[in-house]
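1. just the structure for this:
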Amino acid sequence: MDTVYQKTTLRRTMRRRREKLDRRDTRSRMILERITGLSEYQAATVIHTYLTMGSEVDTSPLLADALERGKRVVVPIVQAHTNNMTHSWLTSLNLEEREVGLLGTPQPRVLMNAPDGVWNLVFVPLLAFDRWGYRLGYGKGFYDQFLRRFPCTAVGLAFAMQEVPTVPHEAHDVRLDWVVTEEETIVTRSAHDAMVRRS
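-> Residues are numbered from 1 along each chain as shown. From the prediction side, this is the model:
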């Protein structure tokens, strides 16, 4: 079966399943508790994370925790015509200081350009993931391009029900290093293999 068709079909299925999931707020807070226990998060001075859209894992608790700890926060700004993202500092949790950007993604109302690659840790949204580190995104390729341009520890944020045995993938798909769910913190096979090669 064609990989593009497989991805499209799985995308529809997983979006519906995620939208029906109960207690997403509670589950998102449980995910935050796992993130704050990571030494890599504790050590990071700048994090890059998405602003939540729809039924995604809510990053509001993460944003609040990061700013409270004195970390700097960078958020992506979608450039629809190029399939690239630029980046803005986020300094406030006030929802009135945000607006809907291209493709419906939230962004700060006033953009403050952040230098490329300044972050230590990237948190990535997804529709599905597997234990090899492959993720199913929304089909535009923004994060694959972004992670290729700026290699960094990439952490997928997901609910446990978003795990699948195998995500259909292609050669250009970039794998995650970790996935954090409300049930566990997963070091993906991709990250594990890299650690083995370095040892």
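2. is residue 123 in a bridge, and if so with what?
-> residue 49, residue 155 (DSSP bridges).
3. how close does it get to residue 6?
-> 26 Å (Cβ to Cβ, to the nearest Å). For the C-beta atoms, the positions are set from N, CA and C on the backbone; glycine is no exception.
4. higher neighbour count, the two?
-> Counted by other Cβ atoms under 10 Å, residue 123 and residue 6 do not tie: residue 123 has more neighbours, with 23 against 15.
5. ranges for the strands of this protein?
-> 46-49, 72-79, 84-90, 98-100, 106-108, 121-124, 128-129, 135-136, 153-157, 178-180, 185-187 (DSSP state E).
6. export those strands to CSV and tack on distance to residue 64?
-> As requested, those are arranged in CSV below (distance: least, Cβ to Cβ, whole Å):
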stretch, distance to residue 64
strand 46-49, 12
strand 72-79, 10
strand 84-90, 11
strand 98-100, 14
strand 106-108, 15
strand 121-124, 14
strand 128-129, 25
strand 135-136, 25
strand 153-157, 15
strand 178-180, 17
strand 185-187, 20
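7. quick one: closest of these to residue 163.
-> Comparison of the strands of the chain against residue 163 by Cβ to Cβ identifies strand 128-129 as nearest, at 6.0 Å.
8. counting by contacts, list what the closest one packs against.
-> In terms of contacts (3 or more Cβ pairs under 8 Å, 6 or more residues apart in numbering; DSSP states H and E), strand 128-129 is packed against helix 3-20, strand 135-136.
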